[in-house]
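K.L.:
Got a sequence here, can you model it:
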Amino acid sequence: MASNFLQEFGRFPIPKNIRPQLRKYLFKAGITDEPYSFFGGLFFFSIFLTFILYFTVFYGLLQSFKEKMSLGVFLVLQGFGTIIIWSALMLIIIGLIIVSIYTYLDIKIFNRTRMLEEILPDFLEAVSSNLKGGMSFEKSLWMSIQPKYGVLASEIALASKKVMTGNDVDIALTEFSLKYNSPMLKRSMNLVISQIQSGGEISLIIDKIVADLKKTKLLKEEMSASVLTYMIFISAIVVVISPVLFGLSYALLNVISSITALLGASLGSVDSPLPFDFSNSSIDPSMFVFPFSFCAIGITAIGSSLIVSIIEKGNIKGGLKYIPIFLVSSLCVYWVALQVMGALAGLVKF
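P.N.:
Take a look at the predicted model:
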């Protein structure tokens, strides 16, 4: 009963003309069932989270105005403030949830597309072998489906079922190629479809496609190997050199602050001929330098992980997995550098 309620509630805010596109998008990510119950649950979760945030953060802030104005004005302010704050929190939370889900699905689709491109040559080789064995193209596709092909196996199985139910082979393959944003897959399927329509020998064109795909894969691997030095250089700067330099700067600023404090104390008892006053030059590094260096290291780690991804794979999505590795490693090295520099200087205290 509760599941049906969540499903209907999650289906309601999605327009009917958007549902087919949503279904296709989810299918690219490997989600065959429409997750309307999940959408409904997320909506109620956002309401619960808004309730918690309002009464733990903003309710006390509104109550602080109670003693500064009359009761009537305060009630009006509280009513309008509650509506505005509650609506803004709901929109922000729902927006963050939508962006998070979209990012997750987009990364999942990207990974599925990459897996599909990696196993496409092996699958086409199996199809070519079946064709050379005397099978028809439709039967060759069906007999080539094996669990080891993963995503591609399920997609070809769906295309084969469409052919068995009366659809043309070229239409089924075209629909399959358009599901994924893969130029490699689209070009391969277009060549196969054109060969089917022209009545030529399909196994011959498939063998040429497989040879080209393997050559392209080899070139990509050689390109990745050639830029390995740049990747190592960037990683070393982000993970090791930059945090150590920030740690050294923090310790050095502590030393300078201590020296200026001692000079200010010693010169404060006598008339100093100097035109500046050391007693007012003390800086608290933990208040300014530490937050700045922490943010700088984090931003540098995120940006560098994306740069490494572009150098290695030619796109940004493949580098999202590097962000936690770079971020955690650089912050850990920074913490170790602070400890070591503090121990050497005898000034940094935690």
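K.L.:
List phi and psi for Ser136.
P.N.:
phi -70, psi 160 (degrees, to the nearest 10).
K.L.:
ditto for Asn181
P.N.:
Dihedral angles (degrees, to the nearest 10) for Asn181: phi -80, psi 70.
K.L.:
Now do the same contact list for it.
P.N.:
Ile109, Thr113 (CB atoms under 8 Å, 6 or more residues apart in numbering). For glycine as for every other residue, the C-beta is placed from the backbone atoms N, C-alpha and C.
K.L.:
Which pLDDT value does the model give it?
P.N.:
Looking at Asn181, its pLDDT reads 77.
K.L.:
And the helices in this protein?
P.N.:
2-11, 19-28, 36-53, 59-63, 71-132, 137-143, 151-164, 169-178, 183-198, 202-226, 228-236, 242-268, 285-313, 322-345 (DSSP state H).
K.L.:
quick check: angle from the longest one to helix 202-226?
P.N.:
Looking back up the chat, that one is helix 71-132. In terms of direction (axes from the mean of the first three to the mean of the last three CA atoms, to 10 degrees), helix 71-132 departs from helix 202-226 by 130 degrees.
K.L.:
for helix 71-132, what is the average pLDDT?
P.N.:
79.
K.L.:
Now do that helix: which elements does it pack against?
P.N.:
helix 19-28, helix 36-53, helix 59-63, helix 137-143, helix 151-164, helix 183-198, helix 202-226 (3 or more CB pairs under 8 Å, 6 or more residues apart in numbering; DSSP states H and E).
K.L.:
Can I get those in TSV including distance to Ile299?
P.N.:
Shown next, in TSV, are these (distance: least, CB to CB, whole Å):
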stretch	distance to Ile299
helix 19-28	31
helix 36-53	27
helix 59-63	30
helix 137-143	49
helix 151-164	35
helix 183-198	33
helix 202-226	26
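K.L.:
Same list, these, but as CSV with mean neighbour count and distance to Ala296 please.
P.N.:
Shown next, in CSV, are the helices and strands packed on helix 71-132 (neighbours: other CB atoms under 10 Å; distance: least, CB to CB, whole Å):
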stretch, mean neighbour count, distance to Ala296
helix 19-28, 14, 37
helix 36-53, 16, 29
helix 59-63, 12, 32
helix 137-143, 18, 54
helix 151-164, 18, 40
helix 183-198, 16, 38
helix 202-226, 14, 29
